[in-house]
Each structure stands twice: as structure tokens, then as C-alpha cells.
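> what follows is a predicted protein model with its sequence.
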Amino acid sequence: SQTIHQWPATLVQPVGSPLSLECTVEGTSNPNLYWYRQAAGRGLQLLFYSVGIGQISSEVPQNLSASRPQDRQFILSSKKLLLSDSGFYLCAWSVGVGTDTQYFGPGTRLTVL
Amino acid sequence: GESVGLHLPTLSVQEGDNSIINCAYSNSASDYFIWYKQESGKGPQFIIDIRSNMDKRQGQRVTVLLNKTVKHLSLQIAATQPGDSAVYFCAENSSGYSTLTFGKGTMLLVSP
């Protein structure tokens, strides 16, 4: 069966510090991978998605970036965090194109102080 | 732009009641719909999905209804339990696109 992991679970970082969040998927090959951000009590905002190694699509202009160094690894980064980067970051995976369910990881709670 | 939205931000029910959570969508090209449940501090969990060639699909205690005429989606939960308390999101997708469009979410509160 497929599993998705996110690391770390929680993170407290000062403004201006760098960020690296990791997502890995097991049990499937060539998944589509997604990064979402969720503000407290709000919906899901798609940040990036990738349909293959080295292929990244950005949905929202941010001081964030994403990379996919391996087939089942997706990394969310920032060189300098802003207060507004605080939130709950979710990674998800799917297979195929279009009518396929996305499955979410446990999330990373990021607080920028 | 086109979007998926929810009518009710919060729904409070008594344990044992049936719950109905509604969702409106505006993209007539959407052909796949999903309901997710998100408990506090956790990632969204898939509940049930439905494709546009169907108008009803049933799972364990849950039923999704799709009305393409009025672009409306609903999730019915039978015999609601305290463990059903969570935020419920609908999402929609159009063929050929790898991304989903999510609604804003409805908080379901179940009282014992």
C-alpha cells in the first residue's frame, strides 16, 4: 500500500530564516506531487505541483520554491521566511491525470515568529 | 474565475442525526468530485468520490449526491457520531488537469 510522509511535523522558525520541508511517498511510481498551504480555519491553497522529476508548476507567486530531486521526494523551500508564511503545509500525491484522487500527508505546522 | 464553494460554514447536529453538507461548483466542465474529511491538526482524508456520469454513490454511512443541472454536490452522513466532527471539503477536477479545486470547507460539530 501507498504511504506518504512529511517531515518535520512541527517547526518554529524566526523571520528571515531558511526553510526546508520534505515529503516522501512510498509504494507508487511516478506520482503527481503537490504542496498546499492551509491558514488557520481556512481552505487549501495549492502552491506547487509536479508531474515528474524536475518538473515543477507554481500556482501562486511566493517567496517559496519547490524541488523534486527524486521520483517520490518533494521538497518545499524558502531562503527567507516571512511572518505570512506561517500555516499548515500539506503534501499530497496522485497518479494519472484528471480524475484521480489526491491523498494527503499528515502535514507540517510552521510558525514563523 | 471558476470555483467550488460551500453554503454552510458550520453545521451542528446531535449524535444519531443525519447530516447533510452542501457544495456548489461553477465549472460545468468538472467531471470528478471528491469529499474529504479533515480532523484538527491532521491532513485531509478521502471519504468518497463520484464521477459526472453518476448522480449518487454510497459508502459506509456516507452518500454523495451530484446534481449537474444546478451544479450542486452534497455529502450525507447517516447516524452521525462524535467522531464525525471535522471540517469537510469538497473538491472538483476536470479531465486533463492534474490539479483539484477545493471548496472552503464546512465544520461539522456533533453533540453527544
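Alright, I've got the coordinates.
> looking at stretch A:81-92 now, give me its mean pLDDT.
Taken as a whole, stretch A:81-92 has a mean pLDDT of 96.
> would it count as contacting chain B?
Yes - with CB under 8 Å from any CB of the partner chain as the criterion, chain B is reached by stretch A:81-92 at A:90, A:92. For every residue, glycine as well, the C-beta is placed using N, CA and C.
> could you report the pLDDT at the most centrally placed residue in chain A?
Closest residue to the average C-alpha location of chain A: residue A:35 at 2.9 Å, with CA atoms, centre = their mean. Listed pLDDT for residue A:35 reads 96.
> residue A:41 too?
76.
> how near is the residue nearest to the centre of chain A to residue A:72?
Relative to residue A:72, residue A:35 is positioned 14 Å away (CB to CB, to the nearest Å).
> just residue A:27 next, same as before
Counting by CB to CB - residue A:27 and residue A:72 are separated by 9 Å.
> before we move on, what about residue A:15?
Residue A:15 is 32 Å from residue A:72, by CB to CB.
> the more surrounded of those two?
Higher neighbour count among residue A:15 and residue A:72: residue A:72, with 20 against 13, using other CB atoms under 10 Å in any protein chain shown.
> skip the chain neighbours and tell me the closest residue to that one.
residue A:25 (4.4 Å; CB to CB, 6 or more residues apart in numbering or on different chains).
> for the one you found, name its beta-bridge partners.
As for beta bridges, residue A:25 partners with residue A:4 under DSSP bridges.
> neighbours of it, how many?
The local packing of residue A:25 (other CB under 10 Å) involves 21 other residues.
> now do residue A:96
11.
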